[in-house]
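Participant: Sequence below, structure please.
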Amino acid sequence: LSASLQANNSPAPAPAPWPKKTTQTKTQAPAERTSRSVQQVRVQATRKGKGGKTVSEITGLRESNEDKKKILKILKAKCGVGGKTTGEDFELQGGKVDFIVAELIALGYTNSKRSGG
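Facilitator: Here you go, the predicted model:
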């Protein structure tokens, strides 16, 4: 009986430490590596919500974030304008839609088209 009491009075094991937080970058995993010629890329000029300024929106690119940044850098340099990524899409300043479509076709996105008016 005394041996069982001594076993119960032993200190409890130390609780497991909390798992350490790991920092992860928010990069899109290249889950869908589709061919450039298959992707349906659309380019549209719009002024909605831009203070009356025309911007060209590029949608439909299914690439990793790093590849998207490279493509955006190339397009900004070729067009001579500024631009930014907005989630999955791009915005380039100005209404150079036809020029952007031609550059995307030259980059291998042969299914690129103008959309909208």
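Participant: From here on, just use CA atoms for contacts and neighbour counts.
Facilitator: Noted.
Participant: bridging residues for the residue lying closest to Lys84 once chain neighbours are set aside?
Facilitator: Spatial nearest neighbour of Lys84, excluding adjacent residues (CA to CA, 6 or more residues apart in numbering): Glu91 at 5.4 Å. Listed beta-bridge partners, Glu91: Glu57, Lys84 (assigned using DSSP bridges).
Participant: can you pull the contacts of Glu91?
Facilitator: Going by CA atoms under 8 Å, 6 or more residues apart in numbering, Glu91 touches Val55, Ser56, Glu57, Ile58, Gly83, Lys84, Thr85.
Participant: are any of those residues buried, and which?
Facilitator: Buried members of the contacts of Glu91, scored by 16 or more other CA atoms under 10 Å, are Val55, Ser56, Glu57, Ile58, Gly83.
Participant: if we take the residues you listed, which one ends up nearest to Ser37?
Facilitator: Ile58 (15.7 Å; CA to CA).
Participant: how close does Lys96 get to Gly52?
Facilitator: The gap separating Lys96 from Gly52 is 16 Å, by CA to CA, to the nearest Å.
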